[in-house]
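> here are the coordinates; sequence isn't available:
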DNA sequence: GCAGATAGTTGACTTAAGTCAGATAAAATA
DNA sequence: TATTTTATCTGACTTAAGTCAACTATCTGC
């Protein structure tokens, strides 16, 4: 194989140029690139200034000034965080939303051009981008609570179900309804639904619902293939166990299939032990853990 | 699947920041980034100023000034092109070469850090980078003559041989010697060896050697998986046919295997027809074409 | 040999980007 | 309550980057 480092450099060169080209499409709207990039990160519902600074990796002074310029343009409104008077929250004004839309469309057009060039390799291209971004962001994966009906949750669940379908245990698509019919059991105060985020891409999930008195069941542990091998499954399991403790459960159960050897090894290593069957069909192993 | 465009944006954001970080490692040597990048492109043997301008996409005035600053630092020497008095050639002085080395090592260290983070997914990461860079550069693939003993040629041949081994026709590694024992037959004036380059990565090859009076054989057509689906195989075949014509051959032959259906379809579409067997073993189809 | 094209240099300028210290106000901690 | 920490803002500044036009020295084709 040719020098991996030479290949990284080639990648850098190409992507720098290509992304530069993508970026310059944001010019022509009368404001510098950094302001345009910033505007795109502000959500209509409001975004923490600290969050923006983090994402763009900007100096406090610089960000403050950029926000000020967007403010005087009438695109952004700054409010003090009611929960913490030091923090400020940037929100889009109606004019700001309109401008945001325009940038969004410019971005779409450019992105489409990239994907069009990929032709039949579109899916491979997207997977490659996800892999690279996920590797580069791997220290910044965040696990947060989510609503089971949220689009991101549905994305995770549908990816999880795809895996079940591929395993060929006789499961058919109609046995896996989305959204979940018993979603309420996965919401506080009954249960929980956790998503692992890499930037704004959901790359893993796990959920919890009440099973019997004092006992909850962990279900639907999923980790995106691009994010495997970094201990994310373990982090998700520990997070859901901690949620179960918070809710007041004293024990957990789960069912699985011995085809998923890696998952079962993880459960065992984390203090789970085999227990009596309590479900049927695709499951052929059942485990429990005291909290 | 989540919006492909949102994923491209995430990729852009992450890679911009990450590559920015890679770049800043070139700072700390007392000169601006653009000067550092420029220095790295100057070869010890000399590089055309126009070529530099092209690669970095810089304004003539800006490049001129950057070169001047490197010159007064004593890192670069500018000479007039003996073949064209308007052109100038930049070459590294001994001090410039030393500085170049330092930048090279800085780049290596940073790149290694990226790969280390990838852990077990290093190969996947490299493949993903190659795919993205190749897609983005697909309009700029260049086919050039190469020496069969050149490291790039050996890279292509070994990738080609890997495919043969995987096909499981009873071929063993010792039947595929590298470098080629009959390399001279693939050099002018007897034959040819062509490589398709994407930037500085070889992504395809094809070769030609004399078979019988007036007839040459096309061998070892290979296209890197990351570059498939863009008609590169056809471009390579047409290029090698044109080389054969230049040398003076009046006909071509090749052998193949019906397992390679796509390749055979390509040959047929390009005017090749089946002919009598002239080799044995892994081959089970033989084709010929008049020039 | 001459007009026009080409390659590069230089000066004058604008704009974007990044840095840093000091100020303010709210929150967290002792 | 006093002190320290945190989040942001502001002003003054430096540096890098990009633009434009005028100029010189060659080369190319008629």
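Noted; the coordinates are in hand. Quick caveat, the model's predicted, so the values are computed rather than measured. Numbering: from 1, shown residues only, chains lettered A, B, ... in the order given.
> now the helices for chain A?
In chain A, the helices defined using DSSP state H lie at A:4-24, A:33-41, A:49-56, A:60-72, A:94-118, A:122-136, A:151-166, A:232-247, A:261-269.
> May I see the buried residues of the longest one?
Burial within helix A:94-118, assessed by neighbour count using 16 or more other C-beta atoms under 10 Å in any protein chain shown, is assigned to A:96, A:99, A:100, A:103, A:106, A:107, A:110, A:111, A:114, A:115, A:118. The C-beta positions use only the backbone N, C-alpha and C, and glycine is treated the same way.
> Turn those residues into JSON lines, including distance to residue B:255 and pLDDT.
Shown next, in JSON lines, are the buried residues of helix A:94-118 (distance: C-beta to C-beta, whole Å; pLDDT from 0 to 100):
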{"residue": "A:96", "distance to residue B:255": "66", "pLDDT": "93"}
{"residue": "A:99", "distance to residue B:255": "62", "pLDDT": "92"}
{"residue": "A:100", "distance to residue B:255": "60", "pLDDT": "92"}
{"residue": "A:103", "distance to residue B:255": "56", "pLDDT": "88"}
{"residue": "A:106", "distance to residue B:255": "52", "pLDDT": "84"}
{"residue": "A:107", "distance to residue B:255": "50", "pLDDT": "80"}
{"residue": "A:110", "distance to residue B:255": "46", "pLDDT": "79"}
{"residue": "A:111", "distance to residue B:255": "44", "pLDDT": "79"}
{"residue": "A:114", "distance to residue B:255": "39", "pLDDT": "81"}
{"residue": "A:115", "distance to residue B:255": "38", "pLDDT": "84"}
{"residue": "A:118", "distance to residue B:255": "33", "pLDDT": "81"}
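> Just name the closest of the residues you listed to residue B:62, please.
residue A:110 (25.6 Å; C-beta to C-beta).
> From residue B:8, how far off is the closest one?
Residue A:110 is 9 Å from residue B:8, where distance means C-beta to C-beta, to the nearest Å.
> And residue A:90, by the same measure?
24 Å.
> need the contact list for residue A:186.
Listed by C-beta atoms under 8 Å, 6 or more residues apart in numbering or on different chains, the contact set of residue A:186 reads A:148, A:180, A:192, A:193, A:207, A:208, A:209.
> and with 6 Å instead?
A:148, A:193, A:207, A:209 (C-beta atoms under 6 Å, 6 or more residues apart in numbering or on different chains).
> among those, which are in strands?
Residues of those located in strands (DSSP state E): A:193, A:207, A:209.
> Could you measure from residue A:25 over to residue A:249?
Taking C-beta to C-beta, one finds residue A:25 at 52 Å from residue A:249.
> Between the two, tell me which one has more neighbours.
The residue with more neighbours, out of residue A:25 and residue A:249, is residue A:249; 20 against 15, by other C-beta atoms under 10 Å in any protein chain shown.
> The residue lying closest to the more buried one once chain neighbours are set aside: neighbouring residues, count only.
Nearest residue to residue A:249 in three dimensions, chain neighbours excluded: residue A:216, at 4.4 Å (C-beta to C-beta, 6 or more residues apart in numbering or on different chains). Residue A:216 has 28 neighbours, counted by other C-beta under 10 Å.
> isn't residue A:216 right up against residue A:208?
Yes. Proximity of residue A:216 to residue A:208 meets the contact threshold set by C-beta atoms under 6 Å, at 5.2 Å.
> Find residues that contact each of those two.
residue A:244.
> that older thread, specify which member of the ones in strands among the contacts of residue A:186 is nearest to DNA strand C.
Checking these against DNA strand C with C-beta to the nearest atom of the strand, the nearest one is residue A:193 at 27.0 Å.
> give me phi/psi at residue A:284?
For residue A:284, the backbone dihedrals (degrees, to the nearest 10) come out as phi -140, psi 10.
> got a list of what it touches?
With the criterion set at C-beta under 6 Å, 6+ apart, residue A:284 makes contact with A:257, A:258.
> So what's the residue count around the residue lying closest to residue A:96 once chain neighbours are set aside?
Spatial nearest neighbour of residue A:96, excluding adjacent residues (C-beta to C-beta, 6+ apart): residue A:75 at 3.6 Å. Residue crowding around residue A:75 was assessed by other C-beta under 10 Å; the count is 24.
> My understanding was that residue A:75 contacts residue A:99; is that so?
Yes. Using C-beta under 6 Å, residue A:75 is in contact with residue A:99, at 5.5 Å.
> any shared contact partners between the two?
Joint contacts of residue A:75 and residue A:99 (C-beta under 6 Å, 6+ apart) do not exist.
> Give me the buried positions along stretch A:205-221.
Neighbour-count burial for stretch A:205-221 flags A:205-211, A:215-221 (criterion: 16+ other C-beta under 10 Å).
> Adding pLDDT as columns, could you present the residues you listed in JSON lines?
Below are the buried residues of stretch A:205-221 laid out as JSON lines (pLDDT from 0 to 100):
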{"residue": "A:205", "pLDDT": "96"}
{"residue": "A:206", "pLDDT": "97"}
{"residue": "A:207", "pLDDT": "96"}
{"residue": "A:208", "pLDDT": "96"}
{"residue": "A:209", "pLDDT": "95"}
{"residue": "A:210", "pLDDT": "95"}
{"residue": "A:211", "pLDDT": "91"}
{"residue": "A:215", "pLDDT": "94"}
{"residue": "A:216", "pLDDT": "95"}
{"residue": "A:217", "pLDDT": "96"}
{"residue": "A:218", "pLDDT": "96"}
{"residue": "A:219", "pLDDT": "93"}
{"residue": "A:220", "pLDDT": "93"}
{"residue": "A:221", "pLDDT": "95"}
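> And the furthest pair within those residues?
Greatest spatial distance among the buried residues of stretch A:205-221 (C-beta to C-beta): A:205 and A:215, at 21.1 Å.
> Spell out which residues of chain A are next to DNA strand D.
Within chain A, the positions near DNA strand D by C-beta under 7 Å from any atom of the strand are A:48-50, A:53, A:60-61, A:63-65, A:67-68, A:78, A:84, A:86-88.
> Quick check: residues of the stretch 51-200 of chain A near chain B?
Contact residues (C-beta under 6 Å from any C-beta of the partner chain) of the stretch 51-200 of chain A with chain B: A:57, A:108, A:111, A:118-121, A:125-126, A:128-129, A:131-133, A:135-137, A:155, A:199.
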